[in-house]
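J.: Here is a sequence with its predicted model. Questions after.
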Amino acid sequence: MKKNSWALFLLILTGIVLGGFIGSMAEGAGVLGWLNYGQTFGMESPIVLNLGILVLTFGLSIKITLASIVGVVVAILIYRLL
């Protein structure tokens, strides 16, 4: 039986979002504070392209926390069980 790669993508995306949410909620929780430990990388300041009548701003910043990694692992395990 062939598994759908879009389902895996959506599950991983959901795992990242829910993991990040849980990590931010656990930030001040004392014992669970380690879930929000992570690294942020990306552009320090956005790139602005001013075309006169149109201004475009480009920026990218990614924060990887332990909770989001756990969310990705759980999402992959759920995908394998489907």
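T.: Nice, I can see it.
J.: Identify the residues contacting the spatially most central residue of the chain.
T.: With distances taken as CA atoms, centre = their mean, residue 16 lies nearest the centre of the chain, 4.0 Å away. Residue 16 makes contact with 68, 71-72, according to CB atoms under 8 Å, 6 or more residues apart in numbering. The C-beta positions use only the backbone N, C-alpha and C, and glycine is treated the same way.
J.: where's it relative to residue 65, distance?
T.: Per CB to CB, to the nearest Å, residue 16 is found 10 Å from residue 65.
J.: Spell out which residues are contacts of both of these two.
T.: Here residue 16 and residue 65 share no contacting residue, scored by CB under 8 Å, 6+ apart.
J.: Can I take it that residue 57 is in a helix?
T.: No - assessed with DSSP: H, G, I helix; E, B strand; the rest coil, residue 57 is strand; it does not lie in a helix.
J.: and the gap between it and residue 46?
T.: For residue 57 relative to residue 46 (CB to CB), the value is 5 Å.
J.: Under a three-state scheme, what state does residue 75 occupy?
T.: helix.
J.: what helix or strand is the spatially closest residue to it that is not a sequence neighbour on?
T.: Using CB to CB, 6 or more residues apart in numbering and skipping the chain neighbours, the partner closest in space to residue 75 is residue 15 (3.2 Å). Per DSSP states H and E, residue 15 falls inside helix 5-25.
J.: State the next helix or strand along the chain beyond that helix.
T.: The helix or strand immediately downstream of helix 5-25 is strand 38-42, counting by DSSP H and E.
J.: After that following strand, which helix or strand is next?
T.: Next helix or strand after strand 38-42 toward the C-terminus (DSSP H and E): strand 47-50.
J.: Within its sheet, name the partner strands of that following strand and how each one runs.
T.: Sheet pairing of strand 47-50 (DSSP bridges) gives strand 55-58 (antiparallel).
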